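**Student:** sequence unavailable; structure follows:
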């Protein structure tokens, strides 16, 4: 088997990836349909899309650290079935309301919040469950293949959503049927999890976690300079740069005057770059911190360039560069955190990681949405890219201080990159 796909030798991991592709395709279809519903049939603006995105990620900020404790206490295979069922239920509610023509902004907000609660408990369990399915030597490869499968779905989902919404009339009912397809897609993960062989899982020995379990996890991460370096990078990228649902929607509709099909296509073109980055990441055996810094820098610069492009087709053609840098950063960050963590701490470590990656979105998305409404869609990318570059400078500076005690040791600290 090719080194790029070596983790697929594990039968449990093959089941997991197959279910994830179906579910993630539905999730991306839902995201595009949700933003289209807010922008067009419900006549919301960029600020409304920002609120929806923020509400979907608010539970990540508030609940994911505690969800990490839950992930370290409960069997992750069981927990994931519960979280998938929860998200499927809220997607079904959205579908029924839209199909019957009774959807409204407040209901979209409510369901986005409900999906966020499910995602908050799903993310740390899902991320740390990968290390229980494969051997340590295959972990980096498995993380890369996870991202590759996610981005296959990201290529298919937005394009399918755009085509289906346009074919079904572009109204509430059209988005509702897309929501319904997403609600069914969660069953794929549940079925595959139930088909797994528990004897092949590398489940760590459980131990009783007291009230200080969350604080213990925070102290564990705070004492490791490399982990703090990663968290600073992904905070700035996730909070201010990775608002693709919002920025793509505003650029497509307000700057270039395009419809649902072209809006959906942007998600797919960006995912082409992400898929390329994921497959390259799957081949890496060792990840250095220098790669994370370079990927974050490339991401910030790419967003600034994208915000300056004059036409829709140039924007679409350039978007794979953003996807490539984004995925390289996230894959490398994810692998670094998992490989550096003690197995008994991994749920809490990945919970803190996911909190930082996604939890900043409720802060950044409404701000970026407001900037887009007040100053134009291009500023959402210019500002986001500039703040990501600021985050790179802060992360490198802090890492040098923690490793060498002062900024005078910067060069020596960077040798380890």
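**Tutor:** Sure thing, it's come through. Just so it is clear, the structure is predicted and the values come from calculations on it, not from any experiment.

**Student:** show me what contacts residue 358?
**Tutor:** Listed by C-beta atoms under 8 Å, 6 or more residues apart in numbering, the contact set of residue 358 reads 57, 60-61, 64, 119, 123, 238. C-betas here are computed from N, CA, C, even on glycine.

**Student:** now, among these, which is nearest to residue 4?
**Tutor:** Taking C-beta to C-beta as the measure, residue 4 lies nearest residue 123 of these, at 25.2 Å.

**Student:** contacting residues around that closest one?
**Tutor:** Contact analysis of residue 123 by C-beta under 8 Å, 6+ apart lists 60, 64, 67, 350-351, 354, 358.

**Student:** name the element it belongs to?
**Tutor:** helix 105-133 (DSSP states H and E).

**Student:** how about that helix, which residues are buried there?
**Tutor:** 108-133 (16 or more other C-beta atoms under 10 Å).

**Student:** ditto for stretch 32-50
**Tutor:** Buried residues in stretch 32-50 (16+ other C-beta under 10 Å): 32-42, 44, 46-50.

**Student:** what ranges does the stretch 151-300 of the chain have for its helices?
**Tutor:** Counting by DSSP state H, counting those that start in this stretch, the segments of the stretch 151-300 of the chain that form helices are 172-195, 213-222, 225-236, 244-250, 260-283, 289-306.

**Student:** looking at those, which one is packed in the most?
**Tutor:** helix 244-250 (a mean of 26; mean count of other C-beta atoms under 10 Å).

**Student:** tell me the span between the first and last residue of stretch 163-173.
**Tutor:** Counting by C-alpha to C-alpha, to the nearest Å, you get 14 Å between the two ends of stretch 163-173.

**Student:** ok, residues contacting it?
**Tutor:** 29, 32-33, 36-37, 40-42, 98-99, 101, 103, 174-175, 177-178, 259-261, 264.

**Student:** isn't residue 266 right next to residue 158, touching?
**Tutor:** Yes - if you go by C-beta atoms under 8 Å, residue 266 and residue 158 touch, sitting 7.2 Å apart.

**Student:** which strand or helix spans the residue positioned nearest the centre of the chain?
**Tutor:** Centroid-nearest residue in the chain: residue 358, 6.7 Å away (criterion: C-alpha atoms, centre = their mean). Using DSSP H and E, residue 358 sits within helix 346-359.

**Student:** that helix vs helix 225-236, what angle?
**Tutor:** Here helix 346-359 runs at an angle of 30 degrees relative to helix 225-236 (axes from the mean of the first three to the mean of the last three C-alpha atoms, to 10 degrees).

**Student:** show me which positions of helix 346-359 end up buried.
**Tutor:** Those buried within helix 346-359 under the rule 16+ other C-beta under 10 Å are 346-359.

**Student:** and what of stretch 73-93?
**Tutor:** Applying 16+ other C-beta under 10 Å to stretch 73-93 flags 74-77, 79-81, 83-84, 86-93 as buried.

**Student:** and residue 317, what's its pLDDT?
**Tutor:** Listed pLDDT for residue 317 reads 90.

**Student:** I figured it was touching residue 269, is that so?
**Tutor:** Yes - Residue 317 lies in contact with residue 269 (C-beta under 8 Å); the separation is 7.4 Å.

**Student:** tally up the residues packed near residue 198, please.
**Tutor:** Residue 198 has 9 neighbours, counted by other C-beta atoms under 10 Å.

**Student:** same deal with residue 96?
**Tutor:** 14.

**Student:** residues contacting the closest residue to it other than its chain neighbours?
**Tutor:** Among residues not flanking residue 96 along the chain, residue 176 sits closest, at 7.4 Å (C-beta to C-beta, 6 or more residues apart in numbering). For residue 176, the contact set (C-beta under 8 Å, 6+ apart) comprises 94-100, 103.

**Student:** 7 Å instead?
**Tutor:** Taking C-beta atoms under 7 Å, 6 or more residues apart in numbering, we find residue 176 in contact with 95, 98-99.

**Student:** then residue 14?
**Tutor:** Applying C-beta under 7 Å, 6+ apart, the residues contacting residue 14 are residue 8.

**Student:** that one: which element?
**Tutor:** Going by DSSP H and E, residue 14 is part of helix 11-39.

**Student:** and residue 108, what is it in contact with?
**Tutor:** 34, 37-38, 52.

**Student:** 6 Å instead, please
**Tutor:** Residue 108 makes contact with residue 52, according to C-beta atoms under 6 Å, 6 or more residues apart in numbering.

**Student:** pLDDT score for it?
**Tutor:** pLDDT, read off for residue 108, is 88.

**Student:** can you check residue 87 too?
**Tutor:** At residue 87, pLDDT is 94.

**Student:** quick one on the thing from earlier: quick check: of the contacts of residue 176, which lies closest to residue 308?
**Tutor:** residue 98 (36.1 Å).

**Student:** so where is the chain shaky, pLDDT-wise?
**Tutor:** 1-3, 46, 204-212, 245, 260, 282, 285, 359, 404-417 (pLDDT under 70).

**Student:** try it again at 50.
**Tutor:** 208 (pLDDT under 50).

**Student:** one step back: how far is the very next helix or strand once past the helix holding residue 14 from where the chain is centred?
**Tutor:** Sequence order places helix 46-73 as the next helix or strand after helix 11-39, per DSSP H and E. How far helix 46-73 lies from its chain's middle: 12 Å, per C-alpha atoms, centre = their mean, to the nearest Å.

**Student:** so what's the gap between stretch 117-133 and the chain middle?
**Tutor:** On C-alpha atoms, centre = their mean, the centre of stretch 117-133 falls 12 Å from the chain's centre.

**Student:** distance of the closest residue to residue 323 other than its chain neighbours from residue 154?
**Tutor:** In space, and not counting its chain neighbours, residue 323 is closest to residue 273: 3.2 Å by C-beta to C-beta, 6+ apart. Relative to residue 154, residue 273 is positioned 10 Å away (C-beta to C-beta, to the nearest Å).

**Student:** and what of residue 33?
**Tutor:** In terms of C-beta to C-beta, residue 33 sits 15 Å off from residue 154.

**Student:** kindly report the same for residue 336.
**Tutor:** For residue 336, the distance to residue 154 (C-beta to C-beta) stands at 22 Å.

**Student:** so what does the helix or strand containing residue 362 touch, helix or strand wise?
**Tutor:** Using DSSP H and E, residue 362 sits within helix 361-375. Contact here means 3 or more C-beta pairs under 6 Å, 6 or more residues apart in numbering; DSSP states H and E; on that basis helix 361-375 packs against helix 46-73, helix 244-250, helix 378-404.
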